[in-house]
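Enquirer: kindly generate the corresponding structure for this input.
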Amino acid sequence: MQFSPCRGGDNCTQDGTHCQGCGRGHEEIADTREIIGALVQQAEKMGYENFEEFVNFVGMKAKGKIMMARA
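Expert: Have a look, this model is predicted:
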């Protein structure tokens, strides 16, 4: 399955099981929002001024762990 990012704006729909804009399921979208929310909360809790570096670090670590899990 390919990930399809949100297209935002008028493209997003709430009816049915999937968004008509990006094609992702509403449950998947909600799960992703939770992950992002947790990331934001951690950055705010720690007061990171360089939050971009934190977000990039988390993304790189997640990518590495996914690659290892798939190997």
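
Enquirer: count of neighbours near the closest residue to residue 55 other than its chain neighbours?
Expert: Here the nearest residue to residue 55 in space, its sequence neighbours aside, is residue 39; by Cβ to Cβ, 6 or more residues apart in numbering that works out to 6.7 Å. C-beta here means a position set from N, CA and C on the backbone, and glycine is covered the same way. When neighbours are defined as other Cβ atoms under 10 Å, residue 39 has 15 of them.

Enquirer: what's the answer for residue 1, then?
Expert: Other residues near residue 1 number 5, with proximity taken as other Cβ under 10 Å.

Enquirer: kindly report the same for the one 5 residues further on.
Expert: Neighbouring residues of residue 6 were enumerated by other Cβ under 10 Å; the total is 14.

Enquirer: that one touches residue 20, doesn't it?
Expert: No: distance between residue 6 and residue 20: 11.8 Å, which falls outside the contact criterion (Cβ atoms under 8 Å).

Enquirer: now the common contact residues for the two.
Expert: Overlap between the neighbourhoods of residue 6 and residue 20 consists of residue 12, taking contacts as Cβ atoms under 8 Å, 6 or more residues apart in numbering.

Enquirer: what's the helix or strand for the most centrally placed residue in the chain?
Expert: Among the residues of the chain, the one closest to the centroid is residue 32, at 4.3 Å (Cα atoms, centre = their mean). Under the criterion of DSSP states H and E, residue 32 resides in helix 26-46.

Enquirer: and for residue 24, the neighbour number?
Expert: Burial of residue 24 is recorded as 17 neighbouring residues (other Cβ under 10 Å).
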